[in-house]
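>>> Predicted coordinates and the sequence they were generated for:
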Amino acid sequence: MSDAPKPDAGTVERFRLAVLPHLDSAYGFARWLARDPVLAQDVAQEAMLRALRYFHAFRGGEARPWLLGIVRNTWIDMTARNGAERLSLDAIEDRPSDSPDPEQSALAGDRRRHVAAALAALPLEAREILVLREIEDLSYKHIASVLDLPIGTVMSRLARARERLAAELRGRLGRRDHGLPDL
């Protein structure tokens, strides 16, 4: 099955301290990839198991980019086994705003729904790079590590993905640049 050694108690403790704090990021990234909360749970769980199984190969540094790379590879493996990616937009999370003003809260929620729907409608390549940069706040270097790309490619893909997102938002909102955030 696996040639990875079974983790001992010390390895499990180091894993708990280094990787488990990033479980929410792993699930969030999986959710954007899968666009299905149940499938995202499966992806995140499998990724965590893989991360523990191969934690002996982790060479230190920042665990979050390392884990997100495992999440991405797990998603790719699962979609290859199970067919094409699911396209459900119902899985987009609608988080309440922190604004105390109900009108501002409603407007912010509406903007979030539009951005989330536009992001979900993008191709996987554009969606994953935007999520890693704008939602997970990873540096170009860490994105390059997660996606196994040169930094220059990350920069150009990110620029194209931002353009596609802006175009998608303009199309959804039926207007040109009015009230759109700078991407």
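Happy to help now that I have it.

>>> can you list the domain ranges for the protein.
Following automatic domain parsing, the chain resolves into domains at 9-82, 102-173.

>>> In TSV, list the ones you listed along with mean neighbour count and mean pLDDT.
For glycine as for every other residue, the C-beta is placed from the backbone atoms N, C-alpha and C. Conversion of the domains of the chain to TSV gives the following (neighbours: other C-beta atoms under 10 Å; pLDDT from 0 to 100):
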stretch	mean neighbour count	mean pLDDT
domain 9-82	18	92
domain 102-173	17	88
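
>>> which stretches of this structure form helices?
Ranges of helices in the chain, per DSSP state H, are 9-18, 23-34, 37-53, 63-82, 102-121, 124-130, 140-147, 151-173.

>>> what helices or strands is the last one leaning on?
Identification of packing neighbours for helix 151-173 by 3 or more C-beta pairs under 8 Å, 6 or more residues apart in numbering; DSSP states H and E yields helix 102-121, helix 124-130, helix 140-147.

>>> who wins for proximity to residue 62 among those helices?
Closest approach to residue 62 among the helices and strands packed on helix 151-173 is made by helix 140-147 (6.8 Å; C-beta to C-beta).

>>> for the closest one, the distance to its chain's centre please.
12 Å (C-alpha atoms, centre = their mean, to the nearest Å).

>>> do the same with stretch 130-145
That offset, for stretch 130-145, works out to 9 Å (C-alpha atoms, centre = their mean).

>>> now the end-to-end length of it.
Using C-alpha to C-alpha, to the nearest Å, the end-to-end distance of stretch 130-145 comes out at 15 Å.

>>> residue closest to the middle of the chain?
Nearest to the geometric centre of the chain sits residue 29, at 2.4 Å (C-alpha atoms, centre = their mean).

>>> surely it meets residue 72?
Yes - if you go by C-beta atoms under 8 Å, residue 29 and residue 72 touch, sitting 7.4 Å apart.

>>> what residues are shared contacts of these two?
residue 128 (C-beta atoms under 8 Å, 6 or more residues apart in numbering).

>>> before we move on, the earlier item: gap between the residue nearest to the centre of the chain and residue 11?
24 Å (C-beta to C-beta, to the nearest Å).

>>> cool, and residue 168?
From residue 168 to residue 11 the distance is 44 Å (C-beta to C-beta).

>>> Check residue 115 too.
Residue 115 is 40 Å from residue 11, by C-beta to C-beta.

>>> Also residue 160?
40 Å.

>>> for residue 49, same thing?
Using C-beta to C-beta, residue 49 is found at 14 Å from residue 11.

>>> Appreciated, that's everything.
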